[in-house]
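Enquirer: please work out how this folds:
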Amino acid sequence: VGMILSNFIPAILLYRFVANTAYFGVLNLLAVFIILGIGVDDVFVLLDTWRASKIEHPTQPMREILWHALKHAGKAMATTSATTAFSFVANTSSSFPAVAAFGSFCAFLVLCNFVSICTLYPRVIATYEYFYGGTNNVVTFKPKSQWGFPDFVKEAEAAEGPGAVEIWFRDKYFPLFLQPYRYPILVLGGALSILFLAFAAQIRPDPDTPKLFPDDDNYIKFGDVKKDLFAREDNPDRIYVQVVFGITDIDQDDCDDGPCDPTVPEDYGTVSFDEDFLDVQDPYYQAWFLDFCEGMRSDDSADDRKVYEADDVIPRPVQCFWEVFRDWCRDFDCCTQTHPSLSPDDYVCDEDSMEAGFTEWYNADVEPDDPDYEPGLKYSDVWEDYLFAEESFGESTPRFFIIECALTEELDYPFEDGIELWEDWQSWLRSWKRRASTDEYNRIVTVVPEAFVTDAAAFHYFFVQQKIIQEAFTGIGLSLFLAFLILCLATANWAIALFATGAILVMVLGV
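Expert: Now for the predicted structure:
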């Protein structure tokens, strides 16, 4: 066991400096249980072959007997280690950094285990035979006068024949059961394989969100208690769709220390802002955004997009600062409206007074009739999570902003339906992008195509569940393919390799 665990040191060095991976997560620690199973299995194979070699070649010197043992056991251990290692290598194709790192580390660990079993453990065997003796149940340290390798001829002569279990399988199981009923057994095995495949195809993620604490923990019970006892407050599990304007991309090659590391949570990348975003001062842009917000809540597809209808709990399901800014400007006459083609109800401000009017509203106190009113609260406080404004010479100009919509669905929404819901929102957004290129809005297509649909967590969670299932099947398929190639090389017989791979597949489906 100590020798097996010692494989961690060279495996960690290979993992860090050959794979160039600094991340070492909790999942990697589970490799200790995997390598214990693989290492003990290899040790048993080598010991069993060693005992057989002593009986088959009792007159040969110690090194020759070890050579025979390694010659036979090494092939078996190399095949099993290679198939296992390449199965873990298949995990490195995962888009989840923790899974990819786990696969890389385990592959190095299996490799180190195979090398140590073939190089170090024969020395353990030789040391035992030279300095120790006794039966299988009692091991004693030899007196110094008796140090040396034992007489393998005597051991071979005293070797016991096959045990009761081996005799039963040889004389009872095979001739009376396996041989006469081999065809029905094959038919039954094929039927079970098809049944297992049918059930495996129906695997779905758990519809409930992951629970990190017991069911009776206060943290777990908080959401349900709040929904039951504080009905006038919003549901903490509600999904809120966000449409983001003004961001073109996130550069994953530009972090503090160079390219972003997906295993480092702080490496978000660098946001690329839309350089044409300041064109929102154009009255046609303002008109498009105002119609966009109205369409978000009242278009014909609102039911398909699960849009929440306004009530006492959520009086403003669509959080759109353009509408609040427009209503405030109407009350306080914050800017001029002299556009020749648009009516005053269609937009907020003329282009030359937009910045001044926006700055005045942004720094004003929230009006008492506003749903977000609290004494001393400013509009900049209310919209700080939705609007990023750039300060320039005392004036605030929108840089990027978010328009948010509350939905009727919650985080436990089935992930297939959740992905379909996201696609409905994407389709709706594309339709409004196409409208921006029409004469109705003077073909304003500069900023609108940069918009995208997202949310705080739900859509990410839905796609993660889908990705987990996809990678589970592709990972199994890739592992089986690599195992087939290795078995073809090991056996030099593609039929045997195919049959062995099929047997592995049946076991996987059965599990």
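
Enquirer: CA atoms for contacts and neighbours, from now on please.
Expert: Noted.

Enquirer: now the helices for the stretch 101-250 of the chain?
Expert: 121-131, 152-158, 164-168, 182-200, 218-229 (DSSP state H, counting those that start in this stretch).

Enquirer: elements contacting the first one?
Expert: Taking 3 or more Cα pairs under 8 Å, 6 or more residues apart in numbering; DSSP states H and E as the contact definition, helix 121-131 has no neighbouring helices or strands.

Enquirer: how about the strands in the stretch 201-350 of the chain?
Expert: Here the stretch 201-350 of the chain has its strands, by DSSP state E, counting those that start in this stretch, at 238-245, 247-251, 270-273, 318-319.

Enquirer: dump the helices of the stretch 101-250 of the chain into a markdown table; add distance to Asn493 as well.
Expert: Formatted as a markdown table, those follow (distance: least, Cα to Cα, whole Å):
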| stretch | distance to Asn493 |
| --- | --- |
| helix 121-131 | 30 |
| helix 152-158 | 35 |
| helix 164-168 | 28 |
| helix 182-200 | 21 |
| helix 218-229 | 56 |
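
Enquirer: buried ones in stretch 413-432?
Expert: Neighbour counts over stretch 413-432 (16 or more other Cα atoms under 10 Å) mark 413-415, 418-419, 421-422, 424-426, 428-430, 432 as buried.

Enquirer: revised request: answer the last question for stretch 352-364.
Expert: Judged by neighbour count (16+ other Cα under 10 Å), stretch 352-364 contains these buried residues: 354-362.

Enquirer: please apply the same query to stretch 313-326.
Expert: Buried-residue list, stretch 313-326, by 16+ other Cα under 10 Å: 314, 316-323, 325-326.

Enquirer: what does stretch 249-260 give?
Expert: Buried, per 16+ other Cα under 10 Å, within stretch 249-260: 252, 260.

Enquirer: what's the answer for stretch 407-414, then?
Expert: 407, 409, 411-414.

Enquirer: what is the helix or strand hosting Ala356 packed up against?
Expert: Element membership for Ala356 (DSSP states H and E) is helix 354-362. Other elements packing on helix 354-362 under the criterion 3+ Cα pairs under 8 Å, 6+ apart are helix 321-332, helix 379-382, strand 395-410.

Enquirer: which residue is the nearest non-sequential neighbour of Gln466?
Expert: Phe415 (7.3 Å; Cα to Cα, 6 or more residues apart in numbering).

Enquirer: how about Asp412?
Expert: Using Cα to Cα, 6+ apart, the closest residue to Asp412 is Asp208 (5.8 Å).

Enquirer: doesn't Phe415 make contact with the one you found?
Expert: No - judged on Cα atoms under 8 Å, Asp208 makes no contact with Phe415 at a distance of 10.3 Å.

Enquirer: before we move on, the earlier item: compare the helices and strands packed on helix 354-362 and give me the one nearest Asp303.
Expert: Among the helices and strands packed on helix 354-362, the nearest to Asp303 by Cα to Cα is strand 395-410 (9.6 Å).

Enquirer: against which helices or strands is the next helix or strand along the chain from that closest one packed?
Expert: Downstream of strand 395-410, the first helix or strand assigned by DSSP H and E is helix 415-436. If you count contacts as 3+ Cα pairs under 8 Å, 6+ apart, helix 415-436 packs onto strand 452-455, helix 458-491.

Enquirer: related to what we said a few turns ago, mind checking how far the residue nearest to Gln466 is from Ala472?
Expert: Going from Phe415 to Ala472 by Cα to Cα, to the nearest Å gives 16 Å.

Enquirer: cool, Cys329 as well?
Expert: 55 Å.

Enquirer: those two - which one has more neighbours?
Expert: Cys329 (19 against 12; other Cα atoms under 10 Å).

Enquirer: the more buried one: what's it in contact with?
Expert: By Cα atoms under 8 Å, 6 or more residues apart in numbering, the residues touching Cys329 are 335, 348, 357, 361.

Enquirer: how is Glu367 assigned, secondary-structure-wise?
Expert: Classification of Glu367 using DSSP: H, G, I helix; E, B strand; the rest coil returns coil.

Enquirer: what number of residues lie near it?
Expert: 15.

Enquirer: adjust the sequence numbering to begin at 308 for everything that follows.
Expert: Okay, using 308 as the starting number, the last item reads as Glu674.

Enquirer: need phi/psi at it.
Expert: phi -70, psi 150 (degrees, to the nearest 10).

Enquirer: same check on the one 10 residues further on?
Expert: Summarising the backbone geometry of Leu684 under the convention degrees, to the nearest 10, its torsions are phi -90, psi 140.

Enquirer: you'd agree it is up against Pro675?
Expert: No - applying Cα under 8 Å, one finds Leu684 not in contact with Pro675, separated by 10.2 Å.

Enquirer: can you pull up the most central residue in this structure?
Expert: Phe403 (3.8 Å; Cα atoms, centre = their mean).

Enquirer: so which of the helices and strands packed on helix 722-743 is nearest Phe395?
Expert: helix 765-798 (7.9 Å).

Enquirer: could I get the CA-only coordinates of the helix or strand just after that closest one as PDB?
Expert: Using DSSP H and E, the helix or strand that directly follows helix 765-798 along the chain is helix 801-817. Output of helix 801-817 as PDB, limited to C-alpha atoms (Å, rounded to 0.1, in the frame of the first residue of the first chain):
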ATOM      1  CA  TRP A 801      -9.500  -7.700 -33.800                       C
ATOM      2  CA  ALA A 802     -12.300 -10.200 -33.200                       C
ATOM      3  CA  ILE A 803     -11.200 -11.000 -29.600                       C
ATOM      4  CA  ALA A 804     -10.700  -7.200 -29.000                       C
ATOM      5  CA  LEU A 805     -14.200  -6.500 -30.300                       C
ATOM      6  CA  PHE A 806     -15.700  -9.200 -28.200                       C
ATOM      7  CA  ALA A 807     -13.900  -7.900 -25.100                       C
ATOM      8  CA  THR A 808     -14.900  -4.300 -25.800                       C
ATOM      9  CA  GLY A 809     -18.500  -5.400 -26.200                       C
ATOM     10  CA  ALA A 810     -18.300  -7.200 -22.800                       C
ATOM     11  CA  ILE A 811     -17.100  -4.000 -21.300                       C
ATOM     12  CA  LEU A 812     -19.900  -2.100 -22.900                       C
ATOM     13  CA  VAL A 813     -22.500  -4.500 -21.500                       C
ATOM     14  CA  MET A 814     -21.100  -4.100 -18.000                       C
ATOM     15  CA  VAL A 815     -21.200  -0.300 -18.400                       C
ATOM     16  CA  LEU A 816     -24.800  -0.400 -19.600                       C
ATOM     17  CA  GLY A 817     -25.700  -2.800 -16.700                       C
END
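
Enquirer: ok now helix 801-817, how far from the chain's centre?
Expert: Put simply, helix 801-817 sits 27 Å off its chain's centre (Cα atoms, centre = their mean, to the nearest Å).

Enquirer: what count of nearby residues applies to Ala359?
Expert: 17.

Enquirer: same check, this time on Asp640
Expert: Neighbour tally, Asp640, other Cα under 10 Å: 13.

Enquirer: and the pLDDT at it?
Expert: What the model reports for Asp640 is a pLDDT of 88.

Enquirer: and the gap between it and Ser660?
Expert: Distance from Asp640 to Ser660, by Cα to Cα: 11 Å.
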